[in-house]
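Asks: Return atomic coordinates for the entry below.
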Amino acid sequence: MPPIARIEPLTTARALRGPFDYRLPPELAGVEVGSLLVVPFGGRDLLGVVAELADTTDVPEEKLAEPRAVLEPGVPAELVGLARWIADEYCSTPARALGLVLPPGAGRSTRPRVRTRHVLVAELSASGRLALALAADGAPLPGEPAPGASNGDGSAAGTAARAPRLTPKQHTVLSTLATAGPLPAAQTGADHGSLRRLAERGLLVLERREQRRRPVHATVGARNGGAPPRLTAEQEAALEPLVAALEAPDGTLNPAERRFLLHGVTGSGKTEVYLQAAAAALAAGRSVIVLVPEIALAPQTVGRFQARFGDTVAVLHSQLGQGERYDEWMRLRRGEARICVGPRSAVFAPLTDVGLIIVDEEHEPAYKHEGDPRYDARRVAARRAHDEGAVLLSGSATPRPESVHALRRLRITRRVDGRPLPPVEILDMRDARHPLHPVTREALADVRRAGRKAIVLVNRRGWSNFLSCRSCGKVWQCPQCDVALVLHRSQRAVSCHHCGHSERVPSGCPDCGSVSLARHGSGTERIEQELIEAIGDPGFPVFRLDADTTATKGAIARALVRFDAAPAGVLVGTQIVAKGHDFPDVTLGVVLDADQTLRFPDFRADERTFSLIAQLAGRAGRGEHGDGRVLVQTLAVEERAILAAAAHDSDGFLAGELARRELLRYPPFASLIRVVCSAEQLADAHAAAEAVARLVDAPGAQVLGPAPLFRLRGRERSQLVIKATQRRAAVQSVAAAVDAVARTPIGRRASLSADVDPQ
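Replies: Below is the predicted model of the structure:
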């Protein structure tokens, strides 16, 4: 019996579970785990991934099909194992999980969509260098008659022999190649015919070569490149156990001893610890993955790593062009790049022998993937580090209680410049009639007069939260979702932030005919206008950073570069303005409506409020001025999270949060699994959720619900939440229940999704 390949066809069907056995013909004998094969399946050709190789099969030989072709490149075998673990851990299917680790452009197509780019390259030959040298001396080429020489019959040499060896244009081309080295033909300044004639004379070499599509990144705050700076005592104390773990022989440390949490205050130099830990990993001959929570933060981190490590750094994220992503993926696959920086999907970088995985700003919910499979990149990073014997280093100024509970904590309590954290003042907005407190207005005026910078955070975009009729109370709502429409004045529209529905701003109420409409709340658009009117100084510009102003590729990085380069100004935006930026001339941070996140029905509401305030506070007072100040506007002046953030009391907040969660059986003391059922009819969604609830049977699991969710994109929804102390048993039980219900008539009228560790 020829070798057997067990293949997972890449199909989205949840009911279809592989792997399926195929016979490998002699010409495919080199197939390995991770190879991509085109296979016949169900009357059509599908792309599949080799999950296993075997010598035997239970399928009769005559029923075994053979793959039709192999597609290059394949997936590293380590990533195949990781994808299969994700499918099991997150109630998904192997095919959907394997889709996460495919080469860029592979998808489910049986033909490669992206290929290596080749261009015609011109390179100066040895004869070309000699011709340039002789031309400079006025001498003829070796073997050619000098001007006026005899042809041997007494006649003078021909005109061609007496002509100059190189025309001015030819001389320019060869000189350019001598200076710049090999160049694509299009960049030499000559047409292809001229280049071919020079090649025929042996003066240059023309050949097709692979051309890398290089990502272009705006550099934001990449100030710490070059030679490593001297570490503070706390940085050295944090780095020492990391290096020891990286250098420890295989088998001498258990996985828990390789997992660290770098808990350092904002401005404490966590990035420098990352850089020096990465250098230690490279010195040990191993590779490095660096995860950042947002694509917008990747250019800043890439800039710092490239300044230190050069072209051995590659970047992967979804805003790259497909060709750029493919070339970066291939550099990592071939070992040409040994450090990969990117958001959550970079955890699947095709590196071999990974020695260090860094998760920067590990508190960010952006590490959770919202599509199926709904993986958490932080947990996937921990699994990959476990499988490859790598060190896991998570870092944050405001770490999650789950990380504090599970990881070995390394503390940095002081900023690298020795300056204290900025004082935080809480401003009571209960009697306010304007979105900007008088103290905030005066502080902004002081910043303008001093020619400094400020950051203002308002965690909502648009002009107003919603519109209502003053006469009858009507609120304009989305026809597809049970939510209010948000006013965007610059677009002259009210829009839904869930489904994208948009309509013109109403001139009057369709129910009662009144033209008296009220605008409620303030978003980034309104605050921007308020700041422009309050400041009134063209020399102190207002920059806005939110989803409305940064919809195009690279717009976030460009906006941050403009703010960084401006001599003075104020940056107003949503949460992204508080995330890890290092602007040394920012002296004022302002948080508007700081208690907004406390109003969410979420057990993490306190944690997120604390983190948001503390992170924004960390942007101020980093530079040479050292006179940072932070203002927090809120209606909830006595809330625990706000008071702790104002006092910079991270340890106290975390201790209280862990005690509360243990009492209420929330993570990290239990696992949560959320099941959402959606259908056109509410009764069908609720019935599907009830059917799942009846089938979930795991030791110690508590099933909460079904409970209704707001209508989304025209579909009614119902949800369950399962609390479990035995995670593995609960995940298996929920996955089996969802699969069983999906095969029933009620399941076919509804869509079911399971979310392990919902955010």
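
Asks: List the buried residues for stretch 38-55?
Replies: Neighbour-count burial for stretch 38-55, counted by 16 or more other CB atoms under 10 Å, picks out 38-39, 41, 45-51. From N, CA and C alone the C-beta is placed, and that goes for glycine too.

Asks: how about Arg214, what does it touch?
Replies: With contacts defined as CB atoms under 8 Å, 6 or more residues apart in numbering, Arg214 is in contact with 324, 327.

Asks: Sketch out the low-pLDDT regions of the stretch 1-150 of the chain for me.
Replies: Along the stretch 1-150 of the chain, segments meeting pLDDT under 70 span 1-2, 108, 137-150.

Asks: now the helices for it?
Replies: Under the criterion DSSP state H, counting those that start in this stretch, the stretch 1-150 of the chain carries helices at the ranges 77-89, 94-98, 126-137.

Asks: Now mean neighbour count and distance to Ala106 too, for the ones you listed, in CSV please.
Replies: Formatted as CSV, the helices of the stretch 1-150 of the chain follow (neighbours: other CB atoms under 10 Å; distance: least, CB to CB, whole Å):
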stretch, mean neighbour count, distance to Ala106
helix 77-89, 21, 13
helix 94-98, 24, 10
helix 126-137, 15, 42
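
Asks: out of those, nearest to Val173?
Replies: Val173 sits nearest to helix 126-137 of all these, at 9.3 Å, using CB to CB.

Asks: Surely Val265 touches Asp417?
Replies: No - using CB atoms under 8 Å, Val265 is not in contact with Asp417; the gap is 11.9 Å.

Asks: Could you list the domains of this structure?
Replies: Domain assignment for the chain by automatic domain parsing gives 4-98, 118-141+166-210, 233-412, 424-463+522-661, 671-756.

Asks: Now do the shortest one: distance from first to last residue.
Replies: Terminal residues of domain 118-141+166-210 lie 4 Å apart, using CA to CA, to the nearest Å.

Asks: what's the offset of that domain from the middle of its chain?
Replies: Domain 118-141+166-210 has its average C-alpha position 43 Å from the chain's average C-alpha position, going by CA atoms, centre = their mean, to the nearest Å.

Asks: Among Val265 and Asp417, which residue is more densely surrounded?
Replies: It is Val265, of Val265 and Asp417, that has more neighbours when counted by other CB atoms under 10 Å, with 22 against 15.

Asks: For that one, which non-adjacent residue is closest in space?
Replies: Closest residue to Val265 apart from its sequence neighbours, by CB to CB, 6 or more residues apart in numbering: Ala397 at 5.5 Å.

Asks: Do you know the pLDDT at that neighbour?
Replies: Per-residue confidence (pLDDT) for Ala397: 94.

Asks: Does it touch Ser650 like I think?
Replies: Yes - in this structure, Ala397 is within contact of Ser650 by CB under 8 Å, at 7.2 Å.

Asks: so what's in contact with these two at the same time?
Replies: With CB under 8 Å, 6+ apart as the test, Ala397 and Ser650 both reach 263, 265, 614.

Asks: Which helix or strand lies directly C-terminal to the host helix or strand of the first one?
Replies: This points to His263. Using DSSP states H and E, His263 sits in strand 259-264. Using DSSP H and E, the helix or strand that follows strand 259-264 in sequence is helix 270-283.
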